[in-house]
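Visitor: Okay, predicted coordinates and the sequence, questions at the end:
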Amino acid sequence: MAKATFAAGCFWSPEETFSQIPGVNDTAVGYVGGHTERPTYEQVCSSQTGHAEAVEVDYDPEQVSYDDLLKVFWEIHDPTTLNRQGPDVGSQYRSAIFVHDDDQRAAATATRDAQQEARHDDRTVVTEIVDAPTFWRAEDYHQRFIEKRRSRFGFKVA
C-alpha cells in the first residue's frame with residue numbers, strides 16, 4: 001500500500017473521482033498544510049489556519065501507479081487559478097501536491113513542468129509541491145459526501 005495526498009479545490013469531487021479508480025483502496029478528505037492542530041471545517045474556511053482541503057488516497061502501486069494518480073489530479077481541476085477552483089475562493093482551495101517521498105516529489109515536479117510546457121496560453125501553473133505534513137481527517141459528514149448524497153437522494157451531486 002502507498003499513500004498520495006492532493007489538494008484540488010473543494011475535496012468532495014476529488015475524493016469521489018479518486019475513489020472510483022481501480023487500485024485505490026480507500027480515500028479520506030481532510031485538511032493539510034496549515035499551522036493549527038485538529039482544525040475544524042469552520043476554522044479552515046476562515047482562511048486563518050493555512051490548511052488546504054485535500055484528499056488522501058491509499059492505493060496499491062501494483063494496480064495503479066502514482067503517475068496515473070497524478071494524471072487524474074491534473075485533469076480534475078484548473079492548476080492555474082491561485083487559491084480558487086470554480087466558485088470556491090480561498091487559500092483552502094489551492095492546488096497542491098503533498099509528497100510522501102523523493103520519488104513522488106520527482107514525479108510531481110516532472111508532471112507540473114510538463115503541464116506548464118503544454119499550455120497554449122500565458123497562464124502559469126501555480127500548483128504547490130510540498131512535503132506531506134500531518135493530514136487532519138475532516139468531520140465524518142464530509143467523508144464520501146457525494147456518495148452519501150447520491151444514495152440518499154438517488155442522483156449524482158455535482
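Guide: Perfect, thanks for sending it. Numbering: from 1, shown residues only.
Visitor: helix/strand/coil for residue 3?
Guide: Counting by DSSP: H, G, I helix; E, B strand; the rest coil, the backbone at residue 3 sits in strand.
Visitor: For it, give me the pLDDT.
Guide: In the predicted model, residue 3 carries a pLDDT score of 98.
Visitor: same thing with residue 142?
Guide: As summarised for this prediction, residue 142 has a pLDDT of 69.
Visitor: and residue 18, how many neighbours does it have?
Guide: Burial of residue 18, expressed as a neighbour count using other CB atoms under 10 Å, amounts to 24. Just so you know, the C-beta spots here come from the backbone N, C-alpha and C atoms, and that holds for glycine as well.
Visitor: these two touch, right, it and residue 26?
Guide: No - the pair residue 18 and residue 26 fails to qualify as a contact (CB atoms under 8 Å) at a distance of 9.7 Å.
Visitor: Pull up the overlap in contacts between these two.
Guide: Here residue 18 and residue 26 share the contacting residues residue 57, scored by CB atoms under 8 Å, 6 or more residues apart in numbering.
Visitor: how far away is residue 44 from residue 138?
Guide: Note on residue 44: its distance to residue 138, by CB to CB, to the nearest Å, is 8 Å.
Visitor: Quick check: neighbours shared by the two?
Guide: By the contact definition CB under 8 Å, 6+ apart, residue 44 and residue 138 are jointly contacted by 31, 53.
Visitor: Return the distance of residue 56 relative to residue 39.
Guide: With the distance defined as CB to CB, residue 56 ends up 15 Å from residue 39.
Visitor: Give me the distance from stretch 111-128 to the chain's centre.
Guide: The chain centroid and the centroid of stretch 111-128 are separated by 17 Å under CA atoms, centre = their mean, to the nearest Å.
Visitor: Would you check how far apart the nearest residue to residue 59 once chain neighbours are set aside and residue 56 are?
Guide: Excluding its sequence neighbours, the residue lying closest to residue 59 (CB to CB, 6 or more residues apart in numbering) is residue 24, at 4.8 Å. Using CB to CB, one obtains 11 Å as the distance from residue 24 to residue 56.
Visitor: now do residue 38
Guide: Residue 38 sits 16 Å away from residue 56, taking CB to CB as the criterion.
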